[in-house]
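Q: mind folding the following:
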Amino acid sequence: MYHYNTFDEAFVQKRVSQFRAQVERRIDGSLTEEEFKPLRLMNGLYLQLHAYMLRIAIPYGTLNSTQMRQLAHIADRWDKGYGHFTTRQNIQFNWPKLRDVPDILEALADVGMHAIQTSGNTIRNVTADHFAGAAADEIADPRPVAELLRQWSTDHPQFQFLPRKFKIAVSGSGHDRAVTRAHDIGLETVERDNEIGYRVIVGGGLGRTPMIGKVLREFLPQEDLLPYTEAVVSTWNLLGRRDNKYKSRIKITVHEHGIEEISRLVEEEFEHIRPGFGGPNWQLLSQIEHSFARPNLETRPAKAHERACAGDRVYRAWADTNLTAHRRPDHAIVTVSLKKQGATPGDATAGQMRVLADLAERYGHDELRVSHEQNVILPHVAKADLPAVHAALKQAELATPNVGLVSDIIACPGMDYCALATARSIPIAQQIATRFDELKVEHDVGPLKIKISGCINACGHHHVGHIGILGLDRAGMESYQVTLGGDHTETAAIGERAGPGFSADEIIPAIERLVLGYLDLRAGPDETFLQAYRRLGPAPFKALLYPKDGADAT
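A: Next up is the predicted model:
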């Protein structure tokens with residue numbers, strides 16, 4: 001993984017020192033909250049419903065054991081003993097005291113981490129495929145270019161006061177695990193004539209106006225990535241609306257001007273600035289690539305894993321759902337579920353973070369990933385070590401065998417924490433997960449993505465859930481609207497609204513009717529919920545949600 005050089009270290013330490021002085025001025029009253037707000041947002045500090053919240057960047061989702069242990073230390077010393085992993089491959093601490101935040105930032109800097117540009121109208125944390133460098137289907141590791149983009153975008157003088165926030169995601173294979181089509185810029189790694197390049201997608205995004213991104217370039221050579229990305233952001237920076245924040249994202253700019261006109265303007269800007277990019281950038285990329293050299297993986301027999309699969313039903317269930325094919329057949333990618341039934345999705349205690357750090361150090365070549373689905377990944381584990389890893393995870397209550405199933409729910413913090421939320425997300429996720437655990441059917445149901453947002457800003461990605469749930473306020477009461485057929489992968493789609501909302505008491509039985517009814521609708525045990533929905537259309541699923549209204553529900 002990438003390690004800070006002397007420039008990085010000095011840069012981050014200077015920012016910590018600046019913010020420490022700003023915090024002191026806020027505490028002594030020299031700065032009002034209005035004056036302090038843009039300064040704290042530049043350093044990832046929000047004022048939430050009950051307290052400050054600090055959002056820390058985990059660039060392209062990659063951590064080592066030292067960094068994970070430092071996060072555990074921060075949770076214990078300055079928070080309430082846990083952290084919350086988000087859909088943007090960040091971690092949030094929900095209870096820091098303002099006077100302690102500079103100390104937290106300094107502790108982060110000590111291990112090569114920061115909270116810069118995790119908020120504000122800037123280019124946010126660059127995200128990537130959470131199986132990067134390990135997946136059997138990978139075309140190229142997306143993390144070196146994600147790191148290049150991170151360095152290019154950090155404190156870029158032209159892009160510190162954009163019309164709105166701007167998000168970039170990079171996928172490393174033909175199967176999109178980075179939700180590229182719901183980002184301002186999505187980069188899909190492709191190969192043409194033995195040359196690595198990128199399909200460039202622009203104008204994706206969720207929130208109150210959800211849109212799937214449009215292809216701007218089918219193939220962009222890697223050497224053109226920086227100037228082309230700068231051309232896209234520069235074009236939007238000029239065209240993007242500043243009169244209405246709800247219409248300021250690039251998705252609205254693309255919609256208003258059309259993809260053809262955006263393409264023309266981007267290409268003009270690209271040709272203009274391209275000569276200014278060249279040798280130094282690619283020397284830097286070459287250095288970065290060395291930081292992501294694949295670990296030396298030892299060949300060892302997988303008999304212990306095979307015996308455990310054959311003789312231990314609990315282990316086999318975990319192996320079936322939480323393991324993914326590695327590029328080496330004697331290794332596996334382990335997804336550690338942070339979705340134990342009844343728990344808060346994405347939360348990990350300081351003790352659990354330390355267990356994950358220990359496992360990465362002992363069995364995983366000191367590498368960890370955070371997924372946009374709010375889970376943690378051990379990307380390089382020998383199959384020979386999987387029984388030991390499972391035993392340690394089980395002891396730490398981290399061995400829930402539910403990755404990709406009903407209870408592996410994405411949920412935003414909702415009204416339990418967020419000042420913008422209009423309904424609770426966490427209790428709904430907990431109740432759905434608990435109910436299907438009681439029914440003992442989720443392995444029979446198979447792959448199913450449920451995603452929950454507590455307001456229209458869609459931090460829980462509900463628009464691209466197979467089943468999406470949006471919490472709204474209706475005359476002072478929480479109401480939950482259901483969408484169906486969303487998809488975040490390479491076949492991305494925005495879910496369709498099923499009909500009227502449900503009260504907090506009604507939503508769990510409604511989801512139960514929907515999921516259990518799907519078992520009768522599917523063509524066979526291998527047809528997933530999304531496949532059945534696309535084959536049959538919305539009518540029979542609406543009938544399950546609204547049994548009195550049937551397919552006429554609107």
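Q: Gln13: neighbouring residues, count only.
A: Here the number of neighbours of Gln13 (other Cβ atoms under 10 Å) works out to 15. All C-beta atoms are positioned from the backbone trio N, CA, C, and that covers glycine.
Q: please apply the same query to Ala388.
A: Ala388: 14 neighbours (other Cβ under 10 Å).
Q: contacts for the helix or strand harbouring it?
A: Under the criterion DSSP states H and E, the helix or strand holding Ala388 is helix 386-395. The contact list for helix 386-395 (Cβ atoms under 8 Å, 6 or more residues apart in numbering) reads 304-305, 308, 315, 318-319, 323, 332, 334, 336, 355, 358-359, 363, 378, 381, 399.
Q: among the residues you listed, which are in helices?
A: Ala304, His305, Ala308, Tyr315, Trp318, Ala319, Val355, Asp358, Leu359, Tyr363 (DSSP state H).
Q: follow-up on the earlier one: centre of the chain to the helix holding Ala388, how far?
A: How far helix 386-395 lies from its chain's middle: 25 Å, per Cα atoms, centre = their mean, to the nearest Å.
Q: and that helix, what's buried?
A: Neighbour-count burial for helix 386-395 flags Leu386, Pro387, Val389, His390, Ala392, Leu393 (criterion: 16 or more other Cβ atoms under 10 Å).
Q: any residues touching the helix or strand following it, and which ones?
A: Next helix or strand after helix 386-395 toward the C-terminus (DSSP H and E): strand 410-411. Residues from elsewhere that reach strand 410-411, judged by Cβ under 8 Å, 6+ apart: 87, 344-346, 373-374, 425-426, 428-429, 449-454, 460-461, 465.
Q: try 7 Å this time
A: Thr87, Pro345, Glu373, Gln374, Ser425, Ile426, Ala429, Lys451, Ile452, Gly460, His461 (Cβ atoms under 7 Å, 6 or more residues apart in numbering).
Q: surely Ala493 touches Gly468?
A: No: with contact defined as Cβ atoms under 7 Å, Ala493 does not reach Gly468; the gap is 11.0 Å.
Q: before we move on, the earlier item: between the buried residues of helix 386-395, which sits nearest Pro538?
A: Comparing the buried residues of helix 386-395 against Pro538 with Cβ to Cβ places Leu393 closest, at 38.7 Å.
Q: state the pLDDT value of that closest one.
A: In this model, Leu393 is scored at 98, pLDDT.
Q: cool, Ala399 as well?
A: 98.
Q: would you point out the helix or strand in the protein whose mean pLDDT is lowest?
A: The least trusted helix or strand in the chain, going by mean pLDDT, DSSP states H and E, turns out to be helix 279-291, with a mean of 88.
Q: grab the nearest non-local neighbour of Val12.
A: In space, and not counting its chain neighbours, Val12 is closest to Ala109: 4.6 Å by Cβ to Cβ, 6 or more residues apart in numbering.
Q: how about the one you found, what does it touch?
A: Val12, Gln13, Val16.
Q: Leu530 now?
A: Neighbours of Leu530 in contact, by Cβ under 7 Å, 6+ apart: His466, Gly485, Asp487.
Q: can we see that at 6 Å?
A: His466 (Cβ atoms under 6 Å, 6 or more residues apart in numbering).
Q: got it, and Met113?
A: Gln67.
Q: angles on the backbone of it, please.
A: Main-chain torsions, Met113, degrees, to the nearest 10: phi -130, psi 170.
Q: check the gap between it and Pro345 for me.
A: Taking Cβ to Cβ, to the nearest Å as the measure, Met113 falls 23 Å from Pro345.
Q: give me the neighbour count for the closest residue to Ala136 other than its chain neighbours.
A: Closest residue in space to Ala136, ignoring its immediate chain neighbours: Ala325 at 4.1 Å, by Cβ to Cβ, 6+ apart. When neighbours are defined as other Cβ under 10 Å, Ala325 has 14 of them.
Q: just the CA coordinates of stretch 297-311, formatted as PDB?
A: The C-alpha trace of stretch 297-311 is given here as PDB (Å, rounded to 0.1, in the frame of the first residue of the first chain):
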ATOM      1  CA  LEU A 297       1.900 -15.700  -1.400                       C
ATOM      2  CA  GLU A 298       3.100 -19.100  -0.100                       C
ATOM      3  CA  THR A 299       1.700 -22.200  -1.700                       C
ATOM      4  CA  ARG A 300       0.100 -24.400   1.000                       C
ATOM      5  CA  PRO A 301      -2.400 -27.200   0.900                       C
ATOM      6  CA  ALA A 302      -6.000 -26.300   1.600                       C
ATOM      7  CA  LYS A 303      -7.000 -29.600   3.400                       C
ATOM      8  CA  ALA A 304      -7.900 -28.000   6.700                       C
ATOM      9  CA  HIS A 305     -10.400 -25.700   4.900                       C
ATOM     10  CA  GLU A 306     -11.800 -28.600   2.900                       C
ATOM     11  CA  ARG A 307     -12.200 -30.700   6.100                       C
ATOM     12  CA  ALA A 308     -13.900 -27.900   7.900                       C
ATOM     13  CA  CYS A 309     -16.300 -27.400   5.000                       C
ATOM     14  CA  ALA A 310     -17.200 -31.100   5.000                       C
ATOM     15  CA  GLY A 311     -17.600 -31.500   8.700                       C
END
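Q: check which helices and strands the least confident helix or strand of the chain sits against.
A: helix 143-153 (3 or more Cβ pairs under 6 Å, 6 or more residues apart in numbering; DSSP states H and E).
Q: go again using 10 Å as the cut-off
A: Helix 279-291 sits against helix 143-153, helix 225-239, with contacts defined as 3 or more Cβ pairs under 10 Å, 6 or more residues apart in numbering; DSSP states H and E.
Q: let's have those in a markdown table, adding mean pLDDT, mean neighbour count and distance to Asp28.
A: Output for the helices and strands packed on helix 279-291, formatted as a markdown table (pLDDT from 0 to 100; neighbours: other Cβ atoms under 10 Å; distance: least, Cβ to Cβ, whole Å):
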| stretch | mean pLDDT | mean neighbour count | distance to Asp28 |
| --- | --- | --- | --- |
| helix 143-153 | 97 | 23 | 33 |
| helix 225-239 | 97 | 22 | 36 |
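Q: how about the ones you listed in a markdown table, adding distance to Glu438?
A: A markdown table is the format used below for the helices and strands packed on helix 279-291 (distance: least, Cβ to Cβ, whole Å):
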| stretch | distance to Glu438 |
| --- | --- |
| helix 143-153 | 40 |
| helix 225-239 | 48 |
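Q: check which element follows whatever helix or strand Gln481 lives in along the chain.
A: Secondary structure from DSSP H and E places Gln481 in strand 477-484. Later in the chain than strand 477-484, the nearest helix or strand by DSSP H and E is strand 496-497.
Q: direction included, what does the helix or strand just after that following strand pair up with?
A: Per DSSP H and E, strand 496-497 leads on to strand 502-503 as the next helix or strand towards the C-terminus. When pairing is defined by DSSP bridges, strand 502-503 lines up against strand 477-484 (antiparallel).
Q: can you give me the buried ones in the strand it pairs with?
A: Counting neighbours by 16+ other Cβ under 10 Å, the buried set in strand 477-484 is Glu478, Ser479, Tyr480, Gln481, Val482, Thr483, Leu484.
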